[in-house]
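Student: could you look at this predicted model? Sequence included:
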Amino acid sequence: MELRSIEAFVRVAELGSITRASRDLGIVQPALSRHIQRIESEIGTPLLVRLPRGVQLTFAGRRFLQHSRRILQEVARATEELHLGGDGPAGKVVVGISPTLSPLLAPGLMERSAASFPGIKLTIVDEFTRRLQVDVLNGQVDLALLTNPPPNRALRFTAVLAEPIVVVMPRQSRGVSPVVTLDELASTPMLVTRGIRALVDEQLASHGVCLEVDVEIDAVEAIRRMLLRGRGVSIMPISAFRKEINDGLLTGLAVGGVNLSRTIMLAHIGDQLSAAGQAVMGLLRAEIDALAQRGIFSALSDNAAHWPQPQERTLGAA
């Protein structure tokens with residue numbers, strides 16, 4: 001099976017069209033179709049269903065796409081490492097980080113990588129855990145930081161961090177308690193991402209409580225801007241809003257009666273992580289450790305701003 005045929009199949013699968021893939025690869029359509037037919041003949045099963053407009057992957061095609069991406073990824077790594085040579089690991093490494101962590105980790109990780117391993121070409125993908133786990137399995141991401149990921153035998157997980165999940169809201173000038181009760185939590189409409197909502201509801205289930213959701217939005221920055229404008233209440237990992245809380249721009253409060261937290265895991269496929277990927281993993285852990293020493297992931301202190309009086313607790317309160 002030729003590498004060119006595998007490359008052609010992957011591009012057709014990604015674009016969903018032989019015509020578009022032909023233009024993208026600079027190959028005439030009959031030649032591109034022959035590449036696909038050659039693979040189907042060798043494998044002994046159809047990989048694509050030809051539709052009036054475009055193509056669709058069969059079940060076998062979806063499985064073969066995963067393997068094909070990994071093959072191309074390994075060939076690219078080997079080629080880069082052999083061509084670049086020099087001291088230390090080299091090649092392309094794709095790292096996936098969730099939107100709650102990437103603003104904290106990405107700048108330092110890029111600086112560390114450029115200083116320590118100039119031969120490494122670093123790409124950072126900003127996605128939520130569910131999507132990142134699929135990307136790792138498909139070979140599109142080499143290494144990812146996942147939040148409480150479901151078990152998967154194909155992946156190797158390493159726990160690197162546990163941090164509290166807290167209620168975050170616009171700064172309040174008065175209140176009576178630094179802790180949110182479960183009743184208050186259940187009765188306060190929240191701005192929340194789907195992932196954090198599912199995680200918190202799972203941990204609250206044994207207490208017979210679930211979140212009251214005002215808006216479910218997978219955009220951490222949008223939630224941040226709403227809170228800074230004085231509107232809404234959210235529940236998030238402490239690190240995502242630590243700076244705003246420390247600067248007095250937002251209020252952070254622990255939830256009483258339950259230990260709400262998330263566990264961050266490093267994930268990659270088995271033993272397939274390249275030397276460059278292993279080097280980046282070490283840099284990533286070093287950056288996490290540095291932030292942890294600064295208290296970015298630590299629980300709130302007792303002198304944190306207070307939860308407001310019940311009459312003040314409304315969306316849009318200043």
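Tutor: It's in. Residues are numbered from 1 along each chain as shown.
Student: and I43, how far is that from F9?
Tutor: I43 is 10 Å from F9, where distance means C-beta to C-beta, to the nearest Å. From N, CA and C alone the C-beta is placed, and that goes for glycine too.
Student: where along this protein do the helices fall?
Tutor: Listed in chain order, the helices of the chain (DSSP state H) span residues 3-15, 18-25, 29-43, 59-84, 102-116, 129-137, 182-187, 194-204, 220-228, 242-246, 275-293.
Student: who's in contact with the third one?
Tutor: Pointing back at helix 29-43 there. 1-2, 4-6, 8-9, 12, 18-19, 21-22, 25, 27, 46-48, 60, 64 (C-beta atoms under 8 Å, 6 or more residues apart in numbering).
Student: what's the angle from that helix to helix 18-25?
Tutor: Orientation of helix 29-43 against helix 18-25 (axes from the mean of the first three to the mean of the last three C-alpha atoms, to 10 degrees) gives an angle of 100 degrees.
Student: which strands or helices does the longest strand that the chain contains pack on?
Tutor: Of all the segments assigned as strand in the chain under DSSP state E, the longest by residue count is strand 155-170. With contacts defined as 3 or more C-beta pairs under 8 Å, 6 or more residues apart in numbering; DSSP states H and E, strand 155-170 has these neighbours: helix 129-137, helix 194-204, helix 220-228, strand 234-237, strand 250-255, strand 261-269, helix 275-293.
Student: any idea which of those gets closest to T188?
Tutor: In terms of C-beta to C-beta, the element of these nearest to T188 is strand 234-237, at 9.1 Å.
Student: name the helices or strands packed onto that closest one?
Tutor: Counting contacts by 3+ C-beta pairs under 8 Å, 6+ apart, strand 234-237 packs against strand 155-170, strand 189-192, helix 194-204, helix 220-228.
Student: what about the first one, distance to the chain center?
Tutor: Strand 155-170 has its C-alpha centroid displaced from the chain centroid by 12 Å (C-alpha atoms, centre = their mean, to the nearest Å).
Student: buried residues in that strand?
Tutor: Residues of strand 155-170 classed as buried under the neighbour-count rule (16 or more other C-beta atoms under 10 Å) are L155, V160, L161, E163, P164, I165, V166, V167, V168, M169, P170.
Student: re earlier: now the helices and strands packed on strand 234-237 in a markdown table, with distance to D271?
Tutor: What follows is the helices and strands packed on strand 234-237, written out as a markdown table (distance: least, C-beta to C-beta, whole Å):
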| stretch | distance to D271 |
| --- | --- |
| strand 155-170 | 8 |
| strand 189-192 | 37 |
| helix 194-204 | 28 |
| helix 220-228 | 33 |
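Student: and D214, which of those is closest to it?
Tutor: Of all the helices and strands packed on strand 234-237, it is strand 189-192 that lies closest to D214, at 3.3 Å by C-beta to C-beta.
Student: what lines up beside the longest strand of the chain in the sheet?
Tutor: For strand 155-170, sheet partners with direction are given as strand 234-237 (antiparallel), strand 250-255 (antiparallel), strand 261-269 (antiparallel), following DSSP bridges.
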